[in-house]
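Visitor: Predicted coordinates and the sequence they were generated for:
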Amino acid sequence: MPAANTQYEWKTDPTANFRAAIAQNAKTDLSLTLPPTLQGVNGNARSVLRSLTIASIQNLDWELWLWESATHAVLTGGVTAAGTNVVGRWTFAAGDGIQDVTGDYIYYIDGLDIPYFDADNSGKLHMSLVNRSAASKSANDAGAIQVKGRISQSNY
């Protein structure tokens, strides 16, 4: 087993994931298969999220929710039903996005310490991307987005 402080990168594919339009306060879900090293015993994926990056064509207000399971509560105005399997969330305001030389907007946070557990035992990271902007996220290439993070194994 690698040392507990070893971090691994996971990332979505902007040509395949989060391709649909997302209206204000709406979300889209994804269950991303983690690298084999992070899938854990029987796929429980016990780990700790250390950083998040969003690279987006559009400069919007983003929220990323993490869940223990692919089946979870419905987000309603940012509030979840009682007893859900929410692990954590992070919000990026449009003003947090820094435009890089390619024209993409980059949102970044590190120093996170969010424990993650896959209750489905699928070896996947279950997430929801929420658009909190008044403007909708565009579909396909016009609204391309990539979410990535660094995660380390945990013994919790």
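Guide: Cool, got the structure.
Visitor: What strands line up against the helix or strand where Tyr107 lies, and which way round?
Guide: Using DSSP states H and E, the element containing Tyr107 is strand 105-116. Applying DSSP bridges to the sheet, strand 105-116 is found paired with strand 47-56 (antiparallel), strand 98-99 (antiparallel).
Visitor: For the ones you listed, give me JSON lines that also has distance to Asp118, mean pLDDT and mean neighbour count.
Guide: Every residue, glycine included, has its C-beta placed from N, CA and C. Listed next are the strands paired with strand 105-116 as JSON lines, based on distance: least, CB to CB, whole Å; pLDDT from 0 to 100; neighbours: other CB atoms under 10 Å:
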{"stretch": "strand 47-56", "distance to Asp118": "9", "mean pLDDT": "93", "mean neighbour count": "20"}
{"stretch": "strand 98-99", "distance to Asp118": "32", "mean pLDDT": "97", "mean neighbour count": "10"}
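Visitor: coming back round to it: pull out the buried positions in the strand holding Tyr107.
Guide: Buried residues in strand 105-116, counted by 16 or more other CB atoms under 10 Å: Tyr105, Ile106, Tyr107, Ile109, Ile114, Tyr116.
Visitor: what's the answer for stretch 144-156, then?
Guide: Buried-residue list, stretch 144-156, by 16+ other CB under 10 Å: Ala144, Ile145, Gln146, Val147, Gly149, Arg150, Ile151, Ser152, Gln153, Ser154.
Visitor: Determine which two of these are furthest apart.
Guide: Greatest spatial distance in the buried residues of stretch 144-156: Ala144 and Ser154, 31.6 Å, computed using CB to CB.
Visitor: next one: the strand holding Tyr107 to chain centre, how far?
Guide: 9 Å (CA atoms, centre = their mean, to the nearest Å).
Visitor: do stretch 49-64 as well
Guide: The answer for stretch 49-64 is 8 Å, by CA atoms, centre = their mean.
Visitor: Also stretch 91-109?
Guide: 15 Å.
Visitor: Stretch 128-147 too?
Guide: 13 Å.
Visitor: contacts for that stretch?
Guide: With CB atoms under 8 Å, 6 or more residues apart in numbering as the test, stretch 128-147 has contacts from 11-15, 17-30, 52-58, 60-65, 67, 72, 75, 78, 91, 94, 127.
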